[in-house]
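**Student:** have a look; sequence and predicted model below, questions after that.
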Amino acid sequence: MTELLYQTDSYLQSFDATVTSVVEESRGCVLNRTAFYPAGGGQPADNGTLTSEGGTYPVLRAKKVGDQVLHTISGDVPLPSVGTKVRGQINWERRYQLMRTHTAMHILCGVIFRDYGASVTGGDMDPLQGRMDFEFETLQRELVDEIQTAINKEVIAARPLRVKILPRVEAFRIPDLIRTKINLLPEGIQQVRVVEIVGLDLQADGGTHVANTSEVGFIRVVDYKSKGKINKRIYVEVEDKV
Ligand SMILES: [Zn+2]
């Protein structure tokens, strides 16, 4: 299995690892440990490089396969062999933008639940932009400015984020987690990673986040769409200045 270094340190940009298996057909390289985020929860996978004495291998993306992370190597150079020691380097500029964006999405969820009681049903993001779906019947044009002001207040409030890995039974006792549909977690998962924006939001989440909401920047609500009477989609962009 691959040790998921990003789960406990989202600021880790480079790391040492060993190649544990190679999948020639898909040009995949499995490592014993990785800081590459393998996509999930709406956050896309990282790219970057692996470097060994034999050369540098561009990593197109990482992907979770069972309890292993497969790093897809682009180009046609021969893949490193099993046992090779490599240094992994993630594309930090892109990843840090994704961390800011992912935290912005959780701020949006937290504020919309707190102020309007609306639950999130899904979401997706790219660097510095994202969309989230809510069961939010009362959303209308007039609320957009109000929401934008409220979420940026939480950026300025500089709330710290805390990440914990809890035993399943313990996580299931946290009332805030029940509303984010934690009960849909597969039976086999015995540990639940929990991401908390202190005083605002708490979710079961596998993604990478900034340490403080002040790192996010300005969150602009650019649009919203009705996906039926109840379901609404909100689009946001993250900008550098607050
Ligand atoms: Zn998330």
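**Tutor:** Received, thanks.
**Student:** quick one, what contacts the residue in the chain that the ion sits nearest to?
**Tutor:** As assessed by Cβ to the ion, the ion sits closest to D205 within the chain, at 4.1 Å. Where you see a C-beta, it was placed from the backbone N, CA and C, and this is true even at glycine. If you count contacts by Cβ atoms under 8 Å, 6 or more residues apart in numbering, D205 has them with 41, 106, 193-195.
**Student:** for F134, same thing?
**Tutor:** Contact partners of F134, counting by Cβ under 8 Å, 6+ apart, are 112, 118-121, 231-234.
**Student:** ok, now with 6 Å
**Tutor:** In this structure, F134 makes contact with 112, 118, 120, 232, judged by Cβ atoms under 6 Å, 6 or more residues apart in numbering.
**Student:** quickly find the element holding V195.
**Tutor:** Under the assignment given by DSSP states H and E, the secondary-structure element containing V195 is strand 191-197.
**Student:** residues contacting that strand, please?
**Tutor:** The contact list for strand 191-197, computed with Cβ under 6 Å, 6+ apart, reads 106, 110, 159, 161-166, 168, 171, 202-206, 209.
**Student:** is that strand up against the ion anywhere?
**Tutor:** No - where contact is defined by Cβ under 5 Å from the ion, no part of strand 191-197 touches the ion; the two come within 6.6 Å at best.
**Student:** now that strand, how far from the chain's geometric center?
**Tutor:** Computed by Cα atoms, centre = their mean, to the nearest Å, the chain-centroid distance of strand 191-197 equals 12 Å.
**Student:** how about stretch 73-85?
**Tutor:** Mean-position distance between stretch 73-85 and its chain equals 27 Å (Cα atoms, centre = their mean).
**Student:** renumber starting at 40 from here on
**Tutor:** With 40 as the first residue, the last one maps to stretch 112-124.
**Student:** tell me the mean pLDDT over that stretch?
**Tutor:** In this model, stretch 112-124 has an average pLDDT of 95.
**Student:** what does this structure put close to the ion?
**Tutor:** Counting by Cβ under 5 Å from the ion, the residues of the chain close to the ion are 80, 244, 246.
**Student:** possible to save these as TSV with pLDDT?
**Tutor:** Rendered in TSV, the data for these read as follows (pLDDT from 0 to 100):
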residue	pLDDT
G80	90
D244	92
G246	96
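**Student:** in JSON lines, list these along with secondary structure and distance to G94.
**Tutor:** Below are the residues of the chain next to the ion laid out as JSON lines (DSSP: H, G, I helix; E, B strand; the rest coil; distance: Cβ to Cβ, whole Å):
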{"residue": "G80", "secondary structure": "coil", "distance to G94": "33"}
{"residue": "D244", "secondary structure": "coil", "distance to G94": "36"}
{"residue": "G246", "secondary structure": "coil", "distance to G94": "31"}
